[in-house]
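> take a look and give me a structure for this.
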Amino acid sequence: MDIGLLENLGLTRNEAKVYVQLLDESPAPLSFLLDKTGVSRRGIYDVIESLSKKGLVSVVQKDGKKYYAASNPKRLYEIVRE
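Numbers count the residues shown, from 1 in each chain. Below is the predicted model:
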C-alpha cells in the first residue's frame, strides 16, 4: 500500500509508515517497528495509540509480550466514509 495514498486519506506520515509495515508483517513487536519505520521511540507510542483509536491497529499478547497487528484495510474505507 502506498504511504502517500494513506496520507491523502488522513493518516500522518508516521501513521502510514507503521500501518504499511504492519500490513507487510503482523503481528510485530515494538522493537521491530522502531527498526523498520525509523519512527522515534517516543513517537511510536503516539502513533500506535492513534492507529488503535482509529481501529487500524490492535494489540496482541503473545508469550507475555505485546505485539501489534494491522486491521483489515477495509477499515480505511470505513474511516473515509465517516
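> center of this structure - which residue?
Y19 (3.2 Å; CA atoms, centre = their mean).
> ok, now how distant is that one from G4?
13 Å (CB to CB, to the nearest Å). Any C-beta I mention is one placed from the backbone N, CA and C, and that applies to glycine too.
> picking up where we left off before, in the helix or strand harbouring the residue nearest to the centre of the chain, what's buried?
Using DSSP states H and E, Y19 falls within helix 13-24. For helix 13-24, a neighbour-count test (16 or more other CB atoms under 10 Å) marks 14-22 as buried.
> need the contact partners of it.
For helix 13-24, contacts defined as CB atoms under 8 Å, 6 or more residues apart in numbering pick out 1, 3, 6-7, 11, 28, 33, 36-39, 43-44, 47-48, 50-51, 56-57, 68-70, 73.
> tell me who's in contact with the closest residue to A16 other than its chain neighbours.
Nearest residue to A16 in three dimensions, chain neighbours excluded: L6, at 3.7 Å (CB to CB, 6 or more residues apart in numbering). Contact analysis of L6 by CB under 8 Å, 6+ apart lists 15-16, 19-20, 76.
> from the chain's centre, how far out does stretch 16-36 sit?
Put simply, stretch 16-36 sits 7 Å off its chain's centre (CA atoms, centre = their mean, to the nearest Å).
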